[in-house]
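>>> I would like to see how this sequence folds:
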Amino acid sequence: MRKGLIIVGLCLLVILGFGAMQGSHVNEINALPHDGQIVKSKEINGYGQVVLFVDHQDHSFGIAKIEKKFGFLHRFAGSSYGRTIEQGKPFEATGLGDPNRFIVGVVTTRDSNIKYIAVGNHLKGVSSSQSYELSLEEVKANPDDYQLEEVDDLYALFVLDEYTEENWTIRAFDQDGNIVADKIFGGEVRYMNEERVD
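Model prediction:
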């Protein structure tokens, strides 16, 4: 009788173990449901990581959350994908959020000369059709309002506390700290020297 209970208990543990490991992979790239390449990643303490990836099938990009289980297994936990840079635009961004964080992935073009990406805003009342002045030094002088990343091989990845209008306002700067392009909340990506219709 006791031997039977032990066998049944072990069988249940094995079944539950396989269920918990279903969809899990040792390598994080295998956890993605896309045939892609991870180009940038960031660890999130107590969760796993977020990745920016390029899809080999259609040459688009996306971001994904990868849960880490048991310290070595990786499981896909959601993504935003299928994004491409529109012709004549300096960059494209995609976002993914949940109640605990908001993730922003940015891909730039080679000819845009973008060296830094800033997510955030301290300029109130600026619309997507207005011209304005902003430098990289001004962004650095307002660290409570911006997160700043240096573009690494065309890519930048941000993990933010929450989704806000400010966190979906993106600005791009060149090597000298001059603003090159932006995406104001609710607007389209634009070069700063484009003609505007007010």
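>>> contacts and neighbour counts: CA atoms only from here.
Will do.
>>> looking at this, Ser41 is in a strand?
Yes: judged by DSSP: H, G, I helix; E, B strand; the rest coil, Ser41 forms part of a strand.
>>> any idea how far Pro90 lies from Val107?
9 Å (C-alpha to C-alpha, to the nearest Å).
>>> Which of the two has more residues huddled nearby?
Between Pro90 and Val107, Val107 has the larger neighbour count (other C-alpha atoms under 10 Å), namely 25 against 22.
>>> and the closest residue to Leu134 other than its chain neighbours, which of the three is it?
Leaving aside its chain neighbours, Leu134 sits nearest to Ile179 (6.5 Å; criterion: C-alpha to C-alpha, 6 or more residues apart in numbering). At Ile179 the chain is in strand, as set by three-state DSSP.
>>> where do the helices sit along this protein?
Ranges of helices in the chain, per DSSP state H, are 2-21, 28-31, 136-140.
>>> Go ahead and confirm Ile178 touches Leu136.
For the record, residue 178 is Asn, not Ile. Yes: using C-alpha atoms under 8 Å, Asn178 makes contact with Leu136 at a distance of 6.5 Å.
>>> Neighbour count: these two, which is higher?
Taking other C-alpha under 10 Å, Asn178 and Leu136 do not tie; Leu136 has more neighbours (20 against 17).
>>> now that one: how far from Thr84?
26 Å.
>>> On the pLDDT front, check Phe185 for me.
pLDDT recorded at Phe185 is 91.
>>> what about the closest residue to it other than its chain neighbours, how many neighbours?
Of all residues not flanking Phe185 in the chain, Thr169 sits nearest, at 5.0 Å (C-alpha to C-alpha, 6+ apart). Neighbourhood size, Thr169 [other C-alpha under 10 Å]: 20.
>>> No further queries at this time; thank you.
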